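S.K.: coords below, sequence missing:
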């Protein structure tokens, strides 16, 4: 079914959009490769990446001065993360009802929040502070330079803390998939 959706999206693109999407497929494939251990098959992630490329190509406006690759990364990641956060129970409910209920959305949100909270606990206090300030978790979102200033550290130090924190978060999230948090609700 996803293959049909992918083909439909590709068919709806203009020739220029199609060329943009096809020429950036290695980008989507590389992103899929990096996310391959997060509970979704590599082929499914590639399909989601292709859908993201099509979506990006349909919405892209070169007049805004942004490179297509930069814009496409957002859409590819969004589609892949959506696939990763889907659970078998949610998928089967969606197939039966043609949409998720509010209760399913709440369950998924609670599971995602618990997973993020647990992953944040694996960080050092400084790394956690950089991440929460930079991404606006429970506080106002700040740029990296604003975060560094607020913490009283240099921008390169804040950048190093941010990079290390993302590495640790990726490891923590890979070790415990979202479905572990939803088991109690799915039974």
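M.R.: Nice, I can see it. Nothing here was measured: the structure is a model prediction, and the numbers come from that model.
S.K.: From the opening residue of stretch 33-47 to its closing one, how far?
M.R.: With Cα to Cα, to the nearest Å as the measure, stretch 33-47 spans 12 Å from end to end.
S.K.: wait, residue 161 sits on residue 126?
M.R.: Yes - counting by Cβ atoms under 8 Å, residue 161 does reach residue 126; the two are 5.5 Å apart. All C-beta spots, glycine's among them, are computed from the backbone N, C-alpha and C.
S.K.: Can you list the low-confidence ranges for this structure?
M.R.: Counting by pLDDT under 70, the ranges of the chain that qualify are 1-11, 87-109, 111, 176-187.
S.K.: Could you chop it up by domain?
M.R.: 2-85, 88-186 (automatic domain parsing).
S.K.: which residues touch residue 143?
M.R.: Listed by Cβ atoms under 8 Å, 6 or more residues apart in numbering, the contact set of residue 143 reads residue 134.
S.K.: How about stretch 139-150, which residues are buried there?
M.R.: Neighbour counts over stretch 139-150 (16 or more other Cβ atoms under 10 Å) mark 142, 144, 147, 148 as buried.
S.K.: between those, which is closest to residue 33?
M.R.: residue 144 (27.0 Å; Cβ to Cβ).
S.K.: quick one, what contacts that closest one?
M.R.: 134, 155, 158, 159, 162.
S.K.: What does the closest residue to the first one other than its chain neighbours show for phi and psi?
M.R.: Going back to what we said before, that points to residue 134. Closest residue to residue 134 apart from its sequence neighbours, by Cβ to Cβ, 6 or more residues apart in numbering: residue 147 at 5.2 Å. Main-chain torsions, residue 147, degrees, to the nearest 10: phi -60, psi -50.
S.K.: Next one: residue 147 from residue 153, what distance?
M.R.: 9 Å (Cβ to Cβ, to the nearest Å).
S.K.: Among the buried residues of stretch 139-150, list the two that are farthest apart in space.
M.R.: Taking Cβ to Cβ, no two of the buried residues of stretch 139-150 sit farther apart than 142 and 148, at 9.1 Å.
S.K.: neighbour-wise, which of the contacts of residue 144 leads?
M.R.: Sorting the contacts of residue 144 by how many neighbours each has (other Cβ atoms under 10 Å) puts residue 158 first, at 24 neighbours.
S.K.: I figured that one was touching residue 148, is that so?
M.R.: Yes - with contact defined as Cβ under 8 Å, residue 158 reaches residue 148; the gap is 3.8 Å.
S.K.: which among the contacts of residue 144 gets closest to residue 174?
M.R.: residue 162 (18.7 Å).
S.K.: what about that closest one, which SS state?
M.R.: Of the three states, residue 162 takes helix under DSSP: H, G, I helix; E, B strand; the rest coil.
S.K.: and it, what does it touch?
M.R.: So, once contact is read as Cβ under 8 Å, 6+ apart, residue 162 ends up touching 127, 130, 131, 134, 144.
S.K.: Just the element for the spatially most central residue of the chain, please.
M.R.: Taking Cα atoms, centre = their mean, the centroid of the chain lies closest to residue 81, which sits 3.9 Å from it. Secondary structure assignment for residue 81, by DSSP states H and E: helix 68-85.
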